[in-house]
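Asks: from the sequence below, what's the structure:
(one chain, ligands or ions: 2)
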Amino acid sequence: MKVLDAEFVQSFMRTANDGWLQGWHERNGGNLSYRIKPEEIEAVREELSPAEWRPIGTEVPALAKEYFLITGSGKYFRNVTLRPEDSFCIIELDDKGENYRICWGLVNGGRPTSELPAHLMNHEAKFLANGGKHRVIYHAHPANTIALTFVLPLTDEAFTRELWEMATECPVVFPDGIGVVPWMVPGGREIAVATSELMKSYDVAIWAHHGIFCSGADFDLTFGLMHTVEKSAEILVKVLSMTPHKRQTIEPEGFRQLAKDFGVNLPEKFLYDKHA
Ligand code: 2HA
Ligand code: ZN
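Replies: Ligands and ions are numbered 1, 2, ... in the order given. A predicted model of the protein is given here:
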């Protein structure tokens, strides 16, 4: 099978284009990766031609020999469906999880995203935390969530609680909550370590004054998670633009009832008493 005909590649391209249409990917902003299933890589193996090994810039031993589909450094989400072979690639990791090689794509040269260490360390954190259920890591620059990082305290508790309050579905969609990384220089190992530490507990990590990382089992769930967080942030921006004080909201007792009825566990650390 041709790489571009494979369903996982089609889903990757649709997700990237959906993100572009949402306005989350100005210029070369954002990046997307998918941990390819063994049967999916076998189906396209005839088209793979491995290049030279290069260092990842960190080590992810739990992901040794895994294959990933991942956007290219400096490439535009806008072009993913228009010029797929130029915009993303398939990479393979070596048997130590320290080096990668490009096996398909990026036909005009280049490297995987500058956030390769963050993507792979997040994949590894999820792999170790939930036994390989998650396959997608998605980084975007949605404006409302970024705007909130200038006005809310940069804590997991504040972001989780404020975004949960903005739409009843939120605690059901991200019951574990949201982690927050303070402002850091992007693109290296340090921010990758900080983010993957949060990904051990959460499926969403916000980078202050920069964007969001989401993790999920498939493209729909991961994109839907990003979309839900950003929609909730948009509502909060609208509310705060009208008034600094909510007249009414969902109270901790409401969240506890919701948790019971929907069968989710909502950690008490997010249900603090705001009036105390
Ligand atoms: O340019 O979003 O964080 C891609 C990015 C870097
Ligand atoms: Zn970014």
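Asks: what is the neighbour count of the closest residue to Gly188 other than its chain neighbours?
Replies: Ranked by C-beta to C-beta, 6 or more residues apart in numbering and with sequence neighbours excluded, the top spatial neighbour of Gly188 is Pro117, at 6.6 Å. (C-beta placed from N, C-alpha, C; glycine too.) By other C-beta atoms under 10 Å, 23 other residues sit near Pro117.
Asks: is it true that Pro117 touches Ala194?
Replies: No - Pro117 is beyond contact range of Ala194, at 11.1 Å (criterion: C-beta atoms under 8 Å).
Asks: and for the strand or helix carrying the residue nearest to Gly188, what's in contact with it?
Replies: Following DSSP states H and E, one finds Pro117 within helix 116-130. With contact meaning C-beta atoms under 8 Å, 6 or more residues apart in numbering, helix 116-130 is reached by 31, 33, 35, 56-58, 60, 62-63, 66, 68, 70, 93, 97, 100, 113, 133-134, 137, 139, 186, 188-189, 191-193, 195-197, 199-200, 205, 213, 215.
Asks: which of those residues fall in helices?
Replies: 189, 191-193, 195-197, 199 (DSSP state H).
Asks: buried subset of the contacts of helix 116-130, written for PyMOL?
Replies: To isolate the buried subset of the contacts of helix 116-130 in PyMOL, counting by 16 or more other C-beta atoms under 10 Å, use the following:
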select buried, resi 31+33+35+56+57+58+60+63+66+68+70+93+97+100+113+134+137+139+186+191+192+195+196+199+205+213+215
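Asks: give me phi/psi at the residue nearest to Asp95 when sequence neighbours are not counted?
Replies: The shortest distance from Asp95 to any non-neighbouring residue, by C-beta to C-beta, 6+ apart, is to Ala64 (5.1 Å). Ala64 adopts backbone torsions of phi -50, psi 140, taken as degrees, to the nearest 10.
Asks: quick one: Ala64 and Glu92 touch, right?
Replies: No - taking C-beta under 8 Å as the definition, Ala64 is not a contact partner of Glu92, at 10.2 Å.
Asks: who has more neighbours, the two?
Replies: For Ala64 versus Glu92, neighbours defined as other C-beta under 10 Å are more numerous around Glu92 (20 against 13).
Asks: run through the bridge partners of the more buried one.
Replies: Under DSSP bridges, the beta-bridge partners of Glu92 are Tyr67, Arg101.
Asks: quick one: contacts for it?
Replies: 50, 65-67, 100-101, 103.
Asks: let's see that with 7 Å instead.
Replies: 50, 67, 100-101, 103 (C-beta atoms under 7 Å, 6 or more residues apart in numbering).
Asks: re the thing from before, gap between the residue nearest to Gly188 and ligand 1?
Replies: According to C-beta to the nearest ligand atom, to the nearest Å, Pro117 and ligand 1 sit 11 Å apart.
Asks: likewise Gly105?
Replies: 17 Å.
Asks: output stretch 26-42 as CSV, nothing but the C-alphas.
Replies: Extracted C-alpha coordinates of stretch 26-42, given in CSV (Å, rounded to 0.1, in the frame of the first residue of the first chain):
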residue,chain,number,x,y,z
GLU,A,26,-0.3,30.2,12.1
ARG,A,27,2.8,29.9,9.9
ASN,A,28,4.7,26.8,11.1
GLY,A,29,3.0,26.8,14.5
GLY,A,30,2.2,23.4,16.1
ASN,A,31,3.1,19.8,15.5
LEU,A,32,1.5,16.4,15.4
SER,A,33,2.7,12.8,15.9
TYR,A,34,1.3,9.3,15.8
ARG,A,35,2.8,6.1,17.1
ILE,A,36,2.2,3.7,14.2
LYS,A,37,0.8,0.2,14.9
PRO,A,38,3.0,-2.8,13.7
GLU,A,39,0.4,-3.9,11.2
GLU,A,40,0.1,-0.4,9.8
ILE,A,41,3.9,-0.1,9.2
GLU,A,42,4.0,-3.6,7.6
